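Chemist: A structural model of the following input is requested.
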Amino acid sequence: MATSRLPSGDEKLVAMIDLARLRDAFRAHYGGEPRLFRAPGRVNLIGEHTDYNDGFVLPMAIDREVVVAAAARDDRRVRAFSLDLDAAVEFDLDRPGPKRRGSWLDYLEGVAQALEATGVRLTGAELAITSDVPVGAGLSSSAALEVAAGMALTSVSRANVGKLDLALAGQRAEHDYVGINCGIMDQFTSALARAGHALLIDCRSLEWRDIPLSTSHARVVICDSHVKHELAISAYNTRRAECESGVKLLNKILPDIRALRDVSTADFRRHEAQLPDRVRRRCRHVITENERTLGAANALSVNDFDVMGRLMCASHASMRDDYEISCEELDTLVEIAMTVNGVYGARMTGGGFGGCTVNVVARDALDRFREVVVSGYRTAARKAPTLYVSEAADGASEVRFPGSKKNS
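Modeler: Residues are numbered from 1 along each chain as shown. Take a look at the predicted model:
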């Protein structure tokens, strides 16, 4: 279900997963009764492209998710069926297949092999999968799939694996099987988020702090541009390489730094002339984005949405001008949003090159926001955006049918 209608009251625009349909599909394909496991997508409120620079991020899990029905097999084969794609894949845990096939199989086999590489012994499994996380919108549908599948595989194998280890396995799957050198934020949030809170994550130490996210006066609204977020792998990896180049050059002057996270704004301003123009701008974004992220966490902690909004807008300008990962449609959505009285802040969110914006909007401005953004974007882009009002959701968990006994 996709809709651009905003709620009149506290209704949540969530495409609820039909658990009975998923269970019935599992029975039809495999027979027997499955256990069900879920993991949410995420939206990053602020802190973009800082995670792989050992920096800080401030995401929240959204109330859209991937759900995996699973049961163990007696051998080491994994069979999976996607309800949404009406497609099936299969792989053998003892005979790893080729990497980077450009298929959803990469995420499943990638996370399974990442877990095996850490010493986790998996049994074979039968999986049925469905999702209401929009694909290609920058809301981490792939991380949700990795975490949900990882939890399903380890649980039916009776392997005791913590949620942080599931997140790390998902990240390794992206690196090895998908070919994207992503940071840890997406999988971390999908695994460990807490309802009603954003997560301030230190991507170096992997320590985190729950930041209360009050919705009594303001709501988080996600606007999907419908520019398909096929993350340009080469462009993403190039940004990472440019940041690493900046660290090497700055390390000659600042020998104690390990990553851009270690460079203060004051030190950067003193030495930025030593960097080539493009590398300088990439570094400037990351260094200042870390400061904005810490400031935003402090602002949310005291419900200061004015400060939060200003930091979001500054973040978007930095991504547009210094990191160069925005696009015309995302810029248009941000510009239109900021004309609406009651919008605290707006910015693109996710890896870039399309996808969504995230907006913090006063509750009494929601209807006006919808009218202005939908109309303005339709005129400018000749298409309507899809708008979601999202609560901050819980991270991965096993799903129980209402009234069911605890699964063994």
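
Chemist: Now Thr304: phi and psi?
Modeler: I think there's a mix-up here, since residue 304 is Asp and not Thr. phi -90, psi 80 (degrees, to the nearest 10).

Chemist: now the nearest residue to Val307 once chain neighbours are set aside: how far from Thr357?
Modeler: Leaving out its chain neighbours, the residue that sits closest to Val307 by Cβ to Cβ, 6 or more residues apart in numbering is Ala299, at 4.0 Å. Yep, even glycine has a C-beta here, placed from its N, CA and C like the rest. Using Cβ to Cβ, to the nearest Å, one obtains 19 Å as the distance from Ala299 to Thr357.

Chemist: These two: which is more packed in?
Modeler: Thr357 (29 against 20; other Cβ atoms under 10 Å).

Chemist: Let me see the domain layout of the protein.
Modeler: 19-213, 218-390 (automatic domain parsing).

Chemist: Any idea which of these gets closest to Ser397?
Modeler: domain 19-213 (6.1 Å; Cβ to Cβ).

Chemist: For Ala137, grab the count of nearby residues.
Modeler: Neighbour tally, Ala137, other Cβ under 10 Å: 26.

Chemist: shouldn't it be in contact with Val358?
Modeler: No: counting by Cβ atoms under 8 Å, Ala137 stays clear of Val358, with 11.3 Å between them.

Chemist: quick one, helices of this protein?
Modeler: Using DSSP state H, the helices assigned to the chain run over residues 19-30, 105-117, 141-156, 163-173, 185-192, 233-251, 265-271, 277-301, 305-318, 328-337, 366-381.

Chemist: Go through those helices and find the least confident stretch.
Modeler: Note on the helices of the chain: helix 233-251 shows the lowest mean pLDDT, a mean of 91.

Chemist: Show the model's pLDDT score for Thr215.
Modeler: 89.

Chemist: Same list, the helices of the chain, but as a markdown table with distance to Ser205 please.
Modeler: Converted to a markdown table, these look like this (distance: least, Cβ to Cβ, whole Å):
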| stretch | distance to Ser205 |
| --- | --- |
| helix 19-30 | 37 |
| helix 105-117 | 21 |
| helix 141-156 | 20 |
| helix 163-173 | 12 |
| helix 185-192 | 12 |
| helix 233-251 | 18 |
| helix 265-271 | 21 |
| helix 277-301 | 14 |
| helix 305-318 | 23 |
| helix 328-337 | 31 |
| helix 366-381 | 37 |
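
Chemist: Looking at those, spot the one closest to Gly395.
Modeler: Closest among these, using Cβ to Cβ: helix 185-192, at 4.8 Å.

Chemist: what does that closest one rub up against?
Modeler: Residues from elsewhere that reach helix 185-192 (Cβ atoms under 8 Å, 6 or more residues apart in numbering): 39-42, 44, 47, 51, 57, 59-61, 140, 142-144, 146-148, 163-164, 166-168, 170-171, 174, 199, 201, 203, 206, 208, 395-396.

Chemist: and the direction of it versus that of helix 163-173, what angle?
Modeler: Calculated by axes from the mean of the first three to the mean of the last three Cα atoms, to 10 degrees, helix 185-192 forms an angle of 150 degrees with helix 163-173.

Chemist: Helix 185-192 vs helix 105-117, what angle?
Modeler: 70 degrees.

Chemist: change the start of the numbering to 27 and stick with it
Modeler: Got it, the first residue is 27 from now on, which makes the last one we talked about helix 211-218.

Chemist: Extract the C-alpha trace of helix 211-218 and format it as PDB.
Modeler: C-alpha atoms of helix 211-218 as PDB (Å, rounded to 0.1, in the frame of the first residue of the first chain):
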ATOM      1  CA  MET A 211      24.400   2.300  10.300                       C
ATOM      2  CA  ASP A 212      21.700   0.600   8.300                       C
ATOM      3  CA  GLN A 213      22.100  -2.900   9.700                       C
ATOM      4  CA  PHE A 214      22.800  -1.600  13.200                       C
ATOM      5  CA  THR A 215      19.500   0.400  13.300                       C
ATOM      6  CA  SER A 216      17.500  -2.400  11.800                       C
ATOM      7  CA  ALA A 217      18.800  -4.800  14.500                       C
ATOM      8  CA  LEU A 218      19.000  -2.600  17.600                       C
END
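
Chemist: what distance separates it from the centre of its chain?
Modeler: 7 Å (Cα atoms, centre = their mean, to the nearest Å).

Chemist: buried sites along that helix?
Modeler: Met211, Asp212, Gln213, Phe214, Thr215, Ser216, Ala217, Leu218 (16 or more other Cβ atoms under 10 Å).

Chemist: Over to stretch 319-327?
Modeler: So, applying 16+ other Cβ under 10 Å, buried residues of stretch 319-327: Thr319, Leu320, Gly321, Ala322, Ala323, Ala325, Leu326.

Chemist: Over to stretch 378-389?
Modeler: Buried-residue list, stretch 378-389, by 16+ other Cβ under 10 Å: Gly378, Phe379, Gly380, Gly381, Cys382, Thr383, Val384, Asn385, Val386, Val387, Ala388.

Chemist: Let me know the closest of these to Ser242.
Modeler: Closest approach between the buried residues of stretch 378-389 and Ser242, by Cβ to Cβ: Ala388, at 10.8 Å.

Chemist: so the closest one touches Gly368, yeah?
Modeler: Yes: contact criterion Cβ under 8 Å: Ala388 and Gly368 qualify, at 3.8 Å.

Chemist: can you list the buried residues of stretch 319-327 in JSON lines and add distance to Lys409?
Modeler: Output for the buried residues of stretch 319-327, formatted as JSON lines (distance: Cβ to Cβ, whole Å):
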{"residue": "Thr319", "distance to Lys409": "31"}
{"residue": "Leu320", "distance to Lys409": "36"}
{"residue": "Gly321", "distance to Lys409": "34"}
{"residue": "Ala322", "distance to Lys409": "30"}
{"residue": "Ala323", "distance to Lys409": "34"}
{"residue": "Ala325", "distance to Lys409": "33"}
{"residue": "Leu326", "distance to Lys409": "32"}
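
Chemist: Quick one: the strands in the stretch 27-176 of the chain, in order.
Modeler: 61-72, 82-98, 103-108, 113-118, 151-157 (DSSP state E, counting those that start in this stretch).

Chemist: Deepest in the core, which of those strands is it.
Modeler: strand 61-72 (a mean of 28; mean count of other Cβ atoms under 10 Å).

Chemist: can you give me the angle it makes with helix 331-344?
Modeler: 80 degrees.
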